[in-house]
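Chemist: I would like to see how this sequence folds:
(chains A, B and C)
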Amino acid sequence: MSFINLKDITVSYDGKVDILKKLNIDIEEGKLVSLLGPSGCGKTTTLRVVAGFIQPKNGQFICEKEDYTYIPVHKRNFGLVFQSYALFPHLTVFDNVAFGLKMQKVDKKDIKKAVEEILEVVDLKGYNSRYPKELSGGQRQRVALARALVIKPKLLLLDEPLSNLDAKLRLKMRAEIRKLQQKLGITTIFVTHDQEECFSISDKVAVMNGGLIEQYDTPEEIYTNPSSEFVARFVGFENFIELDKIGDNIYQSKSGVKFITDISDKDTKTKEKLVGTIRPDNIKIIDNENEAENNILEGIVDVRTYLGKEYQYSISTEVGTILVNANNEKIYNQGNEVKLYLPANKLVLV
Amino acid sequence: MKGVFNMKHNKGLTFFTVCVYLFIFAPVVIIIMTAFGPDEVIAFPPKGFSLKWFVNIFTSDMFMKTFSISIQVAVIATIIALIIGVPAAYAMSRFDFKGKGLIKNIFFSSIIVPGIVFGFSIFNFIIIKWKLPIYTSLLIGHIIIILPYIIRVVASSLEGFDYSIEEAAVSLGASRLKTFFLVVFPNITSGVIAAFMLAFINSFNNVPISIFLTGPGVSTLPIKMMSYVEYYYDPTISALSVTLMIMTIGIMFIVERTLGLSYFSK
Amino acid sequence: MKKKWFYTLLIPGLTLIIVFLFIPLIYTIGSTFIGEEGYSFARYIEFLKDGYYIKIFNRTLRIALITSLVCMILGMPVAYYISRTKKSVRGIFIACTVFPLLTNSVVRSFAWMTILGSNGVINKLLMNLNIIDKPLKLLYTESAIIIGTVYLFLPLMVVSLVGVMENIENDLLEAAESLGANRIKAFFKVIFPLSVPGLIVGCVLVFTGAFTAYTTPQLLGGNTNIVLSTLVYQRAMTLGDWTGASVVATVMIVTTLTVIGVINKLASRLNERGV
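Modeler: Predicted coordinates:
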């Protein structure tokens, strides 16, 4: 039995439309799991169910074998970090961080010790008597983190904590959060819409769409083997080609081009009609001497875009427009005829 | 579903709030009902239905006259206050200058001075010493009382106003005066209308100033109502109250359309 | 003078106020200091020594303080409730709160006369239920004035508070809850401290309003419960004692200015803390 367990969670705001549809997810102790997805996919709603602000219509939330579904928020002892940080403007940094401990009626001396320790951990030593309005964005974020961690929570919940920071600070803070999380071994759920951020710090990622989890896997798996078209698009796949199965690992486009590939989900393999997708970086432009039979597309260059470290070509082929990224060793012009090779080990079926 | 768009409402808090609003509206309901009762004595619950008290008001010379004076004073005072106040509000929100804080305090000083003190002072000084006619003094008193409302509403309408359109107008050849009327004023009309309404109702309802500035032939409706109530005790006043409440609702409607009633909670 | 041309926009208003507000006030206040032997505080010393005046002053102060307190206690929860309602419903609440504010004070006080009078709603009800056989004297008492004044100023307190409370984001409450505070604790530790600016504005408005109100004490208190404002009127119009009235007027204005000053000092001290 894993540490955190969400079983068949259904959430509806007005009784008619379900925001979360029978959501299921297991999280192991000490892991950082991210909920990733576009606006409105239900990731924040899921977090709020775990936090206790929303009661699901159906389903259960189990934590450490206890049913937490209906336990009131103030009794859960989960650490929350809000997108806006939600620091109490009328309290000093010290009092902000000490708030949770005061609620737990911890001894004054112990509070002082714990608060000063955690402030040092987040690199805010000496900021005790400052007020939130005197702090920078990054500093406020660290106070919010300290406040959530000092209560020694079972679970750390972060709702897009980095979206209000500038790019440089985001990179720095996300590394710090990950370091801290691993050091303390605290089970964490992290909500974000930023794929790169999410992949860089998570043990596992749940890609969400329309109230459902489309794929729940390690970042590496999701990146190389997306299980659905939505996930593929989300992690940067382009070039979606409709294929029919004509044999074991052999597929054919509507125009008769044959493709060999063996990369796909277990479920996907059983389907007859599929979509093959491949990243623009993985397609090779080859010269005509190459005699390969399968996984070849011929086309004409439409548009060439300069991306800085490489060029992107928009190529018209019989299966539609294909985007290819290539380095600047050989440059192709509009109207050039090219041959494209889609390696079998990079063509993913969704 | 709880705790989704707003905090879950405590049943106790809801009950408390409902009780408070009952407290606020019960007297209003009582007045409305007594206004329609046929009895001489103010009876609640009323034992019938009659419009005779309303008829009473409209046929009463005394009430009609003071009603018309109140309206006159309110309209004239408001118009003059607008003429004085709108430019002042414009100057205050458009420009930064030394002594702005002091000038702001001067404009709003009539809010700080207790009405009764101001009314008495005007009476003492302007009528007794300078011997200005009562009607004029009444107007002056009202103008000063409602000026802060006008300035506050118009200044808030001008908050965040993009003054670069003034510069555009001037670059196209408009004089300062023309610029104001063609380019600034049209964009604050709803604020001005709302200011008019608020100033009007505050002038109409005013007691502390008007009570000192009454004389032969010059008296406002609230003052007349007060003296009536102190001697006679019949539902005429209830009917009058209902009429005034309808007027208030009408004014609130206009304020909502122009400024929005949420202005009051800012 | 092209630079500061806009001063001309301010001159009419300023002149009006200085000539017709400041000067009369100064004249009125000044006249109290002139006695037979020249300038003196004589009248004020008399005022402070006179038990009658002191009683009236205390009564006025008492009414104002009790009204402010009651308005605070009733107003805070109501304003909090309103600030948490959905936008669509909130408009109705604000309208219901603003309506009494724009209704004539004579009408509002008269309503309580109907309720508290010896033939009024309460007495009639109690007599019909046979709880009492003679009508209770509810009208023309100090309590009647307090009820009427609370009725008059409660909406003002609510409106002052709602604005401030609306700005307290739900986030802060949720954060407090996640840290272990239940509803009540969250209210006292987060909402209340952050509402203090609105509370201060409300208290200033309610206190000064209640301290200087005329209509309500006149109609609900009658001639046996005189307050400072009714005293001014009485002195001036009934007795023709302009100077006496001026003295009372000056006492009123000095008291309200002092209270406003003290409260503002308090407010600015709180502002430093970033509330």
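Chemist: can you pull out the helices in chain B?
Modeler: B:11-35, B:52-59, B:61-94, B:100-107, B:109-112, B:115-122, B:134-157, B:164-171, B:176-179, B:189-205, B:221-231, B:236-258 (DSSP state H).
Chemist: Of these, flag the one that's most buried.
Modeler: helix B:115-122 (a mean of 27; mean count of other Cβ atoms under 10 Å in any protein chain shown). C-beta here means a position set from N, CA and C on the backbone, and glycine is covered the same way.
Chemist: State the mean pLDDT of the one helix or strand C:L16 maps to.
Modeler: Element membership for C:L16 (DSSP states H and E) is helix C:7-17. When pLDDT is averaged over helix C:7-17, the result is 88.
Chemist: quick one on the thing from earlier: could the helices of chain B be laid out in TSV, adding distance to chain A and mean pLDDT?
Modeler: Shown next, in TSV, are the helices of chain B (distance: least, Cβ to the nearest Cβ, whole Å; pLDDT from 0 to 100):
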stretch	distance to chain A	mean pLDDT
helix B:11-35	15	88
helix B:52-59	47	81
helix B:61-94	26	91
helix B:100-107	23	88
helix B:109-112	28	86
helix B:115-122	36	91
helix B:134-157	25	91
helix B:164-171	29	79
helix B:176-179	39	79
helix B:189-205	31	91
helix B:221-231	43	88
helix B:236-258	28	88
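Chemist: any chance of those in a markdown table, with distance to C:P217 too?
Modeler: Converted to a markdown table, these look like this (distance: least, Cβ to Cβ, whole Å):
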| stretch | distance to C:P217 |
| --- | --- |
| helix B:11-35 | 17 |
| helix B:52-59 | 26 |
| helix B:61-94 | 22 |
| helix B:100-107 | 29 |
| helix B:109-112 | 20 |
| helix B:115-122 | 10 |
| helix B:134-157 | 20 |
| helix B:164-171 | 50 |
| helix B:176-179 | 49 |
| helix B:189-205 | 17 |
| helix B:221-231 | 12 |
| helix B:236-258 | 18 |
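Chemist: For those, give me a markdown table that also has distance to chain C.
Modeler: Rendered in a markdown table, the data for those read as follows (distance: least, Cβ to the nearest Cβ, whole Å):
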| stretch | distance to chain C |
| --- | --- |
| helix B:11-35 | 3 |
| helix B:52-59 | 13 |
| helix B:61-94 | 4 |
| helix B:100-107 | 6 |
| helix B:109-112 | 6 |
| helix B:115-122 | 4 |
| helix B:134-157 | 5 |
| helix B:164-171 | 12 |
| helix B:176-179 | 7 |
| helix B:189-205 | 5 |
| helix B:221-231 | 5 |
| helix B:236-258 | 4 |
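Chemist: Please name whichever of the ones you listed is nearest to C:L14.
Modeler: Closest to C:L14 of the helices of chain B, according to Cβ to Cβ: helix B:100-107, at 6.1 Å.
Chemist: who's in contact with that closest one?
Modeler: By Cβ atoms under 8 Å, 6 or more residues apart in numbering or on different chains, the residues outside helix B:100-107 that reach it are B:88, B:92, B:147-148, B:151, C:10, C:13-14, C:17-18.
Chemist: What segments of the chain are helices?
Modeler: All of this is about chain A. A:43-51, A:93-103, A:108-121, A:137-149, A:167-184, A:195-201, A:219-224, A:229-234, A:266-269.
Chemist: Please refer instead to chain C.
Modeler: So, for chain C - with DSSP H - the helices run C:7-17, C:23-31, C:42-49, C:51-83, C:87-102, C:105-116, C:121-128, C:142-166, C:170-178, C:183-186, C:192-212, C:215-221, C:228-233, C:242-272.
Chemist: Can you mark which positions in the shortest one are buried?
Modeler: Judged by neighbour count (16 or more other Cβ atoms under 10 Å in any protein chain shown), helix C:183-186 contains these buried residues: C:183, C:185-186.
Chemist: separation between the closest residue to C:L48 other than its chain neighbours and C:L239?
Modeler: Nearest residue to C:L48, sequence neighbours excluded (Cβ to Cβ, 6 or more residues apart in numbering or on different chains): C:I54, at 7.0 Å. Per Cβ to Cβ, to the nearest Å, C:I54 is found 19 Å from C:L239.
Chemist: ok, the closest residue to B:K178 other than its chain neighbours - contacts?
Modeler: Nearest non-adjacent residue to B:K178, counting by Cβ to Cβ, 6+ apart: B:A169, 7.6 Å away. For B:A169, the contact set (Cβ under 8 Å, 6+ apart) comprises B:178-179, B:182-183.
Chemist: In contact with A:P161, which residues?
Modeler: Applying Cβ under 8 Å, 6+ apart to A:P161 gives the contacts A:81-83, A:85, A:141, A:144-145, A:173, A:177, A:190.
Chemist: I figured B:K129 hits C:T28, correct?
Modeler: No: at 10.2 Å, B:K129 does not count as touching C:T28 under the criterion of Cβ atoms under 8 Å.
Chemist: neighbour-wise, which of these two wins?
Modeler: Just comparing B:K129 and C:T28: by other Cβ atoms under 10 Å in any protein chain shown the higher neighbour count belongs to C:T28, 25 against 12.
Chemist: With adjacent residues omitted, what lies nearest to the more buried one?
Modeler: Using Cβ to Cβ, 6+ apart, the nearest residue to C:T28 is B:S121, at 4.3 Å.
Chemist: so who does that neighbour touch?
Modeler: C:21, C:24-25, C:27-28, C:249.
Chemist: cool, A:A232 as well?
Modeler: Counting by Cβ under 8 Å, 6+ apart, A:A232 touches A:226, A:240, A:277, A:348, A:350.
Chemist: The second one touches A:R279, doesn't it?
Modeler: So that's A:F240. No: using Cβ under 8 Å, A:F240 is not in contact with A:R279; the gap is 11.7 Å.
Chemist: More neighbours: the two, which one.
Modeler: Taking neighbours as other Cβ under 10 Å, A:F240 and A:R279 compare with A:R279 leading, 20 against 17.
Chemist: Quickly note the distance from that one to A:I300.
Modeler: 21 Å.
Chemist: Would you check how far apart the residue nearest the centre of chain A and A:L156 are?
Modeler: Centroid check for chain A by Cα atoms, centre = their mean gives A:L36 as the closest residue, at 3.3 Å. Computed as Cβ to Cβ, the A:L36 to A:L156 distance reads 17 Å.
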